[in-house]
Structures are given as C-alpha cells and as structure tokens.
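Colleague: prediction below, plus the sequence it came from.
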Amino acid sequence: MPWETIQFWHWLALGALLMIAEIFAPGVLFLWLGIAAALTGLIVLIFSDLQWGIQLILFGCLAVLSVVAGRMIVKRPSKPTSHPSLNRRGEQYIGQTFTLEESTVNGRGRVRVGDTVWNVTVRPAGAELDKGSPIRVTGAEGPTLEVESAHPAEGSA
C-alpha cells in the first residue's frame, strides 16, 4: 500500500506545498499546517521506522498545536504606540478648527488642511454651512472628515 512507504521527504514536500498555498489563500491557516508537516518530516527523518499511522497521528497533533500557537501569536495584543493615529490621518485632526473652502451642499463640502483637500460631512445631518465658515472636526471616516460648525449658531438646517 502506498501509505506504508511515506518517507520524510513526503512530509517536507507537503509542508512546502502548504506554505506555497498560503501565498494564494487568505488567512494564515496553511502556514501553520505547513509548519506541522515540515516538523513531522523532520521527526520521521530522525525516527525513520515510524509507521504511517503514527506519522498521521503525529501530523494531526502537530497541526492542532501549530494552529493554536499561530493564533496566539497572530492575536497577540499590540503594544501601545506613541502615535496611535499614525496611519489614520483623519483622526489626527479631531478637535481642530479649519475654514470651510466652499459652501456645503446636502451636508457635504470640502476643507483644505495643509496641502490636502478633504471631503467633509456636516453634523448634525442636513445642516448647511457657508464658504469661509469655521468648522471643528468631530470625527473621521476614511477620506471624509465629520465636522460641525465652530459657532453652532451659524449652522442652519
């Protein structure tokens, strides 16, 4: 039976194929299964007289252990950084006041911040502001800043 002739290099090849599959598949499951197969191959290399049934059980145990260990590594909480909004530029502007570049239409407009023009959404919904109105950033959603009038009496519904 072909199962009875499983050698160490079969496991190493399986491990390599699973790690290559990781490149084409989302997630990190195949990586850990590939590591388990490679470890099984190394153990079979050292203990070459292991029967195929023992090898499969060994691979199964190593697969479970490596997937659990991998999930612990991937889900490890990140360390707090001194720049929590580094890759979220819009959040850097929350609380700051700017001047509206054009009048809002349907609660949407634009503001220039440094050398960048940002889309803005006025809160509360439906409020309209005139060009040159001072606005305060209250939130950010992707490339759009959520703003309110810096002088609440100026906003009109």
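Modeller: Looks like it arrived, so ask away. Residues are numbered from 1 along each chain as shown.
Colleague: now the strands: where do they sit in the protein?
Modeller: Taking DSSP state E, the strands of the chain run over residues 97-99, 108-113, 116-122, 134-141, 144-149.
Colleague: for those strands, which one sits closest to residue 16?
Modeller: Closest approach to residue 16 among the strands of the chain (Cβ to Cβ): strand 134-141, 43.0 Å. The way it works is simple: take the backbone N, C-alpha and C, and place the C-beta from them, glycine included.
Colleague: name the helices or strands packed onto the closest one?
Modeller: strand 97-99, strand 116-122, strand 144-149 (3 or more Cβ pairs under 8 Å, 6 or more residues apart in numbering; DSSP states H and E).
Colleague: residue 90 is nearest to which of those strands?
Modeller: strand 144-149 (5.6 Å).
Colleague: can you list the buried residues in the closest one?
Modeller: 145, 147, 148, 149 (16 or more other Cβ atoms under 10 Å).
Colleague: output the strands of the chain in a markdown table; the columns should cover distance to residue 24.
Modeller: What follows is these, written out as a markdown table (distance: least, Cβ to Cβ, whole Å):
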| stretch | distance to residue 24 |
| --- | --- |
| strand 97-99 | 45 |
| strand 108-113 | 40 |
| strand 116-122 | 36 |
| strand 134-141 | 32 |
| strand 144-149 | 34 |
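Colleague: need those in TSV with mean pLDDT, can you?
Modeller: Below are those laid out as TSV (pLDDT from 0 to 100):
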stretch	mean pLDDT
strand 97-99	91
strand 108-113	89
strand 116-122	88
strand 134-141	90
strand 144-149	90
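Colleague: out of those, deepest packed?
Modeller: Of all these, strand 144-149 has the most neighbours on average by mean count of other Cβ atoms under 10 Å, namely a mean of 20.
Colleague: and for that one, what's in contact with it?
Modeller: Applying Cβ atoms under 8 Å, 6 or more residues apart in numbering, the contact partners of strand 144-149 are 90, 93, 98, 111, 118-124, 127, 129, 133-140, 155.
Colleague: for it, output the C-alpha coordinates as CSV.
Modeller: The C-alpha coordinates for strand 144-149 follow below in CSV (Å, rounded to 0.1, in the frame of the first residue of the first chain):
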residue,chain,number,x,y,z
THR,A,144,-14.1,62.1,4.9
LEU,A,145,-14.0,64.3,8.0
GLU,A,146,-17.1,64.7,10.1
VAL,A,147,-17.4,68.3,11.1
GLU,A,148,-19.7,70.7,13.0
SER,A,149,-19.9,74.5,12.9
